[in-house]
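>>> how does the following fold in three dimensions:
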Amino acid sequence: MTVGERIKKIRVFRKMTMDEFGAALGFEGKSMSVRIAQYETGARVPKADMLAKIAEVLKCNYKALDDYSLGSAEDIIETLFWLEESAAPATGKHFPEYQAPGNLIRLAAMTPVTKDDDVKLTYNDNEYMAAGAPVAVTFEYGLVNDFLLEWNEMKNKLKTGEITPNEYFEWKITWPHA
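From the prediction side, this is the model:
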């Protein structure tokens, strides 16, 4: 997802109109919704200081909005969060057949990562995986594994109804501060 698509998704989640959002950012008159539309369509990309202000107004972690590289454990998890959200609009569900990171851990146990590998891509065509994603990436990176376990805990809470889809999305956009 682009930065603009992320901004729009979170703004809509927060039930803010473009005008309300623009006013909260300090824009006035016609520029309130015009500037927001420019951001959301990608016609304009907010600079770092504006992105921080947008995150503050949307009450989310700026990393949930930022365009980043996969340089840190947090960036890896944010990428996975947004991949999940990209699948959600079509189905209204969050990877319903896929349980992260359970399958990753199971596959990692079947094909252990060696000392020379930091990341291993594994394909498994067993029947139990047929309905879900048979491809897994395993990491020899303790922090990523910790984050994946935390994510799995939240996905299980969503699955069991302990939290709502809105609470789950709230957790993702405020993570890791949630």
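>>> quick check: mean pLDDT of stretch 78-95?
Mean per-residue pLDDT for stretch 78-95: 66.
>>> same check on stretch 24-43?
Per-residue scores along stretch 24-43 average to 91.
>>> okay, buried residues for that stretch please.
For stretch 24-43, the neighbour count (16 or more other C-beta atoms under 10 Å) marks A24, L25, F27, M32, S33, R35, I36, Y39, E40 as buried. Heads up, the C-betas are built off the backbone N, CA and C, glycines and all.
>>> endpoint to endpoint, that stretch covers what distance?
By C-alpha to C-alpha, to the nearest Å, the extent of stretch 24-43 from end to end equals 20 Å.
>>> which helix or strand contains E20?
helix 18-24 (DSSP states H and E).
>>> following element in sequence after that helix, please.
Where DSSP H and E defines the elements, the next helix or strand beyond helix 18-24 is helix 31-41.
>>> using PDB, list the CA coordinates for that following helix.
What follows is helix 31-41, C-alpha atoms only, in PDB (Å, rounded to 0.1, in the frame of the first residue of the first chain):
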ATOM      1  CA  SER A  31      -7.300  23.500   1.100                       C
ATOM      2  CA  MET A  32      -8.600  21.300   3.900                       C
ATOM      3  CA  SER A  33     -10.000  18.500   1.700                       C
ATOM      4  CA  VAL A  34      -7.900  19.300  -1.400                       C
ATOM      5  CA  ARG A  35      -4.600  18.700   0.500                       C
ATOM      6  CA  ILE A  36      -5.900  15.500   2.000                       C
ATOM      7  CA  ALA A  37      -7.100  14.300  -1.400                       C
ATOM      8  CA  GLN A  38      -3.700  15.000  -2.800                       C
ATOM      9  CA  TYR A  39      -2.000  12.900  -0.100                       C
ATOM     10  CA  GLU A  40      -4.500  10.100  -0.300                       C
ATOM     11  CA  THR A  41      -4.200   9.800  -4.100                       C
END
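>>> got the angle for the helix or strand just after it vs helix 31-41?
The helix or strand immediately downstream of helix 31-41 is helix 48-58, counting by DSSP H and E. Interaxial angle, helix 48-58 versus helix 31-41 (axes from the mean of the first three to the mean of the last three C-alpha atoms, to 10 degrees): 100 degrees.
>>> and helix 48-58, what does it pack against?
Judged by 3 or more C-beta pairs under 8 Å, 6 or more residues apart in numbering; DSSP states H and E, helix 48-58 is in contact with helix 3-13, helix 18-24.
>>> contacts for the longest one, please.
By C-beta atoms under 8 Å, 6 or more residues apart in numbering, the surrounding residues in contact with helix 3-13 are 1, 18, 21, 36, 39-42, 45-46, 51, 54, 58, 60, 64-67, 82, 85, 166, 169, 173.
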